[in-house]
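**Student:** Need the 3D shape of this:
(2 chains)
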Amino acid sequence: MVTRVSYKTMRKLKNALFVSVLSVMTSLAVLPLLSLLWSIGFHGIAALISLSDAPLSRGVASAVLVNAFAQSLVTTASSSAIAVFLGVAAAIYSSQYAGLRVGRAIRFTVDILSGVPSILAGMVLFALLSGVSSLVAGVLALVLCMLPVVVRTADQVLVAVPVAYIEGSLALGASRIQTIFATVLPIAHKSLVTALLFVVARMAGEAAPLLIILDGGTASKGSLGFQPLPLRLYSDLTHGGSFPHQIAYVEALILLVTIMTIYGLARWVGRPDRW
Amino acid sequence: MGKALEARAISARFNEQVILREVTLHMPVNQVTAIIGPPGCGKSTFIRCLNRLHETTPGATMSGEVLLDGHSVYDMDPTEVRRSVAMIFHRPNPFPTMSIFDNVAAGLRLHGLRNRAKLAESAEQALRRAALWDEVKDRLHLYSSALSLGQQQRLCIARALAIDPVAVLMDEPASTLDPLSTLVIEELIEELKRQYTIVIVTHNLQQAARVADKTAFFLEGEMIEQGTTTALFTTPQDKRTADYVTGRFG
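**Tutor:** The predicted structure follows:
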C-alpha cells in the first residue's frame, strides 16, 4: 500500500515537473512576442496621441503615413497579384501535370529558392534593373521573394486534394483542365486562399530587398519619395530626433495592425468547412 | 443500351513493375462480369485499363487492345471513352463541395448541358435509376456528406448514370458498406444490367456468386480462368481457381 501511494505521488510530482518545464518554455517562447505587441501598441498609441495634439506635426505625419501606407498597399497588392498568378499556375503544373521526377525537381528547386535570403533578391534586381522605376523594381523584388513560397505552398495544398475526387471527375469524362477548375480548385480553394494570405501577410512587412533597391536608408526625413511602410519605418528610426521616432512607432503600429488583419482574414477564410 | 467490352492481350505496368500480363476477356452486354482474385492480382488495374483511367496515373503504361462494341478505345478520345464507360470506385467519392443535385449534374455540366429544366430532369432520372430518388428528393440542396456511405455510393452511381454510359465498371463498390447497403447495391446491379454492360471487381466471392453471370479469376497479374459464374464456382478447371474459390488461399 505504501509503495502504491509513493508511486502515485512520484507520478504526480513528475507530471507537475514536466508541466512546469513546458509552461516555462512556452512562456519564454510567447513572452518576446507579447512584449513586442505591448511595446509597439503602447508606444504607437502614445505617439499617435502626441502627434494628433500638435496641428503642425499632425499635418506632416498624416502626409507621411498616408503616403507610406498607400505605397505599401500598391507594392504588396501588385506583387501579390503577380506572384499568386504565376505561383499558382506553376503549382498546378507541378501538382497535376508534371510526372513524379519533374514534380520532384520543381519542388527541390523551389525549396532552395525559398531559402535564399530576401536581401539577395534585392541585390540581384538592383544589379539587373538599374534605371527602372523604383516602384516597378520594388514590386519585382517582392515578387521574387514571394514566388517560391507561393509555388511551394500552393503545390502542397493542391497535392493534398484526394486522388479519389480527381479520378471521380476524370471518370465522368472530364479533361484534366476541367478537373482542375471544376474539382481540384473548388476543393482546395479555402486552404489555398488561407495559405496565400499568410504569405502575403509575411511579405507585407518585408523590407530587406526594398532597402537595397529603393535606397531607403538614405531617404531624407519627411521626404515623400517612394517609400513603402517598412522602409519608411527604417528610415524614420535611423534618422534620429523625437518626431521621426514618434512617426516610426505609429508606422510600426499600422504595419502590425495590417499584418494582424491579414492573418485574421486568413483564419476566417480557413474556418472549418460545412461539408 | 449497353455495348459489349472486350479486352485483348492487355498488359499493364507501373514503371518497371508488371501488373497485368496478356489478359483477354469478353464482357458481354446485359451481363454482369465479375473479376475475382486475391489482393494485388491486378483486378482493379484491369478495369482501369478498360476506360483508360490507368494511363492517368504517373508511371502507368499498358499495351493490348480494348474494344467497345468492336471499336478500339485507343482510337477514341479518352474523355469520350470515360464518358461511355463509367466507373464506380471502392470508396464513395461524391464531390464534397457540391450539393446532392450538383453531384448528379456534374457530369452533364462538364459535357455542356446548361438548361436547368433538362438538368433537373436528367438528375431525377439518374437518381431514380440508382434507387436514391425517394430518399433524397426533399434534400437535393444538401451537401453529399449529409448522406450515409451507402447512399453516397448510390449517389456516385447516379452521377455516373446521368451521363448515359454504355458500360459501368465497379471497383469493389460495396467493400466499405454495411450488409444492408451492400444488399441495396447488389439489387441495383441486378437492375442495371438490363441496360448496361457491367464489370465488377470484388474480393467477396459470395457477392460474385450472387450478382455475376460470368466470372474471371485473376492471380499475380494473369487471368487463370473464366467462365459462367456457376461453372467457375462449381467445376473450376484450374487447381489454383479451385483452391481460391474453396478458400485455401486469398
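
**Student:** any idea how far residue B:208 is from residue B:186?
**Tutor:** Look at residue B:186 and residue B:208: by C-beta to C-beta, to the nearest Å, they are 11 Å apart. Backbone N, C-alpha and C define where each C-beta goes, glycine included.

**Student:** who's more crowded, the two?
**Tutor:** Ranked by neighbour count (other C-beta atoms under 10 Å in any protein chain shown), residue B:186 and residue B:208 place residue B:208 first, with 25 against 17.

**Student:** Do I have it right that the more buried one meets residue B:215?
**Tutor:** Yes. In terms of C-beta atoms under 8 Å, residue B:208 counts as a neighbour of residue B:215; the distance is 5.5 Å.

**Student:** quick one: common contacting residues for those two?
**Tutor:** Counting by C-beta atoms under 8 Å, 6 or more residues apart in numbering or on different chains, the contacts common to residue B:208 and residue B:215 are B:34, B:36, B:229.

**Student:** dump the residue contacts of the first one.
**Tutor:** Just to be clear, that refers to residue B:34. B:199-202, B:207-208, B:211-212, B:214-216, B:229.

**Student:** If we use 7 Å, what do you get?
**Tutor:** B:200, B:202, B:208, B:211-212, B:215, B:229 (C-beta atoms under 7 Å, 6 or more residues apart in numbering or on different chains).

**Student:** and the residues you listed as CSV, adding distance to chain A, pLDDT and secondary structure?
**Tutor:** What follows is those, written out as CSV (distance: C-beta to the nearest C-beta, whole Å; pLDDT from 0 to 100; DSSP: H, G, I helix; E, B strand; the rest coil):
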residue, distance to chain A, pLDDT, secondary structure
B:200, 15, 97, strand
B:202, 18, 94, coil
B:208, 22, 95, helix
B:211, 21, 95, helix
B:212, 22, 96, coil
B:215, 24, 97, strand
B:229, 26, 96, helix
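
**Student:** Name whatever forms a beta bridge with residue B:68.
**Tutor:** Beta-bridge partners for residue B:68, by DSSP bridges, are residue B:5, residue B:71.

**Student:** how near is it to residue A:237?
**Tutor:** 73 Å.

**Student:** Between those two, tell me which one has more neighbours.
**Tutor:** Each of residue B:68 and residue A:237 has its neighbours counted (other C-beta under 10 Å); residue B:68 has more, 22 against 15.

**Student:** thought the more buried one was touching residue B:84?
**Tutor:** Yes. In terms of C-beta atoms under 7 Å, residue B:68 counts as a neighbour of residue B:84; the distance is 6.4 Å.

**Student:** Can you name the residue of chain B nearest chain A?
**Tutor:** residue B:83 (3.0 Å; C-beta to the nearest C-beta).

**Student:** from what I can see that residue touches residue A:173, true?
**Tutor:** Yes. Using C-beta under 7 Å, residue B:83 is in contact with residue A:173, at 3.0 Å.

**Student:** which neighbours do those two share?
**Tutor:** Residues within reach of residue B:83 and of residue A:173 at once, by C-beta under 7 Å, 6+ apart, are B:111, B:163.

**Student:** Which strand or helix spans residue A:65?
**Tutor:** Element membership for residue A:65, per DSSP states H and E: helix A:55-92.

**Student:** Moving C-terminal from that helix, which element do we reach first?
**Tutor:** Criterion used, DSSP H and E; the element after helix A:55-92 is helix A:100-114.

**Student:** Does anything pack onto that following helix? Which helices or strands?
**Tutor:** Secondary-structure packing of helix A:100-114 (3 or more C-beta pairs under 7 Å, 6 or more residues apart in numbering or on different chains; DSSP states H and E): helix A:134-159.

**Student:** can you tell if the next helix or strand after the helix it packs on touches chain B?
**Tutor:** Using DSSP H and E, the helix or strand that follows helix A:134-159 in sequence is helix A:163-170. Yes. Residues of helix A:163-170 contacting chain B under C-beta under 7 Å from any C-beta of the partner chain: A:164-165, A:167-168, A:170.

**Student:** quick check, residue B:63 in a helix?
**Tutor:** No. Counting by DSSP: H, G, I helix; E, B strand; the rest coil, residue B:63 falls outside a helix, being strand.

**Student:** What is the helix or strand hosting residue B:117 packed up against?
**Tutor:** Using DSSP H and E, the element containing residue B:117 is helix B:116-129. Packing contacts for helix B:116-129, counted by 3+ C-beta pairs under 7 Å, 6+ apart, involve helix B:100-110, helix B:133-136, helix B:149-162.

**Student:** From the residues of helix A:163-170 next to chain B, pick the one nearest residue A:52.
**Tutor:** Of all those, residue A:52 sits closest to residue A:165, with 54.6 Å by C-beta to C-beta.

**Student:** what's the neighbour count on the closest one?
**Tutor:** Residue A:165: 19 surrounding residues under other C-beta under 10 Å.

**Student:** what's the pLDDT at it?
**Tutor:** On the pLDDT scale, residue A:165 is placed at 96.

**Student:** repeat for residue A:117
**Tutor:** Per the predicted model, pLDDT is 85 at residue A:117.

**Student:** again, but for the one 3 residues further on
**Tutor:** pLDDT, residue A:120: 84.

**Student:** Distance check, it against residue A:194.
**Tutor:** 28 Å.

**Student:** When these two are compared, which one has more neighbours?
**Tutor:** Per other C-beta under 10 Å, whichever of residue A:120 and residue A:194 has more neighbours is residue A:194, with 19 against 14.

**Student:** what's around the closest residue to the more buried one other than its chain neighbours, how many residues?
**Tutor:** Spatial nearest neighbour of residue A:194, excluding adjacent residues (C-beta to C-beta, 6 or more residues apart in numbering or on different chains): residue A:270 at 3.5 Å. Residue A:270: 16 surrounding residues under other C-beta under 10 Å.

**Student:** Run through the neighbouring helices and strands of the longest helix anywhere in chain A.
**Tutor:** Counting residues, the longest helix found in chain A (DSSP state H) is helix A:2-53. Other elements packing on helix A:2-53 under the criterion 3+ C-beta pairs under 7 Å, 6+ apart are helix A:55-92, helix A:242-269.

**Student:** Not counting sequence-adjacent ones, nearest residue to residue B:196?
**Tutor:** Nearest one to residue B:196, counting by C-beta to C-beta, 6+ apart, is residue B:2 at 4.3 Å.

**Student:** And what about whichever residue of chain A sits closest to chain B, helix, strand or coil?
**Tutor:** The nearest approach of chain A to chain B comes at residue A:173, 3.0 Å away (C-beta to the nearest C-beta). Under three-state DSSP, the three-state class of residue A:173 is coil.

**Student:** what's near enough to touch it?
**Tutor:** B:79-80, B:82-83, B:107, B:110-111, B:163.

**Student:** Recalculate using a threshold of 10 Å.
**Tutor:** Contact analysis of residue A:173 by C-beta atoms under 10 Å, 6 or more residues apart in numbering or on different chains lists B:51, B:77-86, B:107, B:110-111, B:163, B:165.

**Student:** Can you tell me which of those end up in helices?
**Tutor:** Members of the contacts of residue A:173 lying in helices (criterion: DSSP H): B:78-84, B:107, B:110.

**Student:** Pick the one among those residues closest to residue A:243.
**Tutor:** Nearest to residue A:243 among the ones in helices among the contacts of residue A:173: residue B:110, at 63.1 Å, using C-beta to C-beta.

**Student:** What is the burial count for the closest residue in space to residue A:244 that isn't next to it in sequence?
**Tutor:** Ranked by C-beta to C-beta, 6+ apart and with sequence neighbours excluded, the top spatial neighbour of residue A:244 is residue A:236, at 4.0 Å. Around residue A:236 there are 26 other residues, counting by other C-beta under 10 Å.

**Student:** buried ones in the helix or strand encompassing residue A:236?
**Tutor:** Assigned by DSSP H and E, residue A:236 belongs to helix A:229-238. By neighbour count with 16 or more other C-beta atoms under 10 Å in any protein chain shown, helix A:229-238 contains the buried residues A:229-236.

**Student:** Tell me what angle that helix forms with helix A:55-92.
**Tutor:** Note on geometry: by axes from the mean of the first three to the mean of the last three C-alpha atoms, to 10 degrees, helix A:229-238 and helix A:55-92 are set 140 degrees apart in direction.

**Student:** Brilliant, that's me finished.
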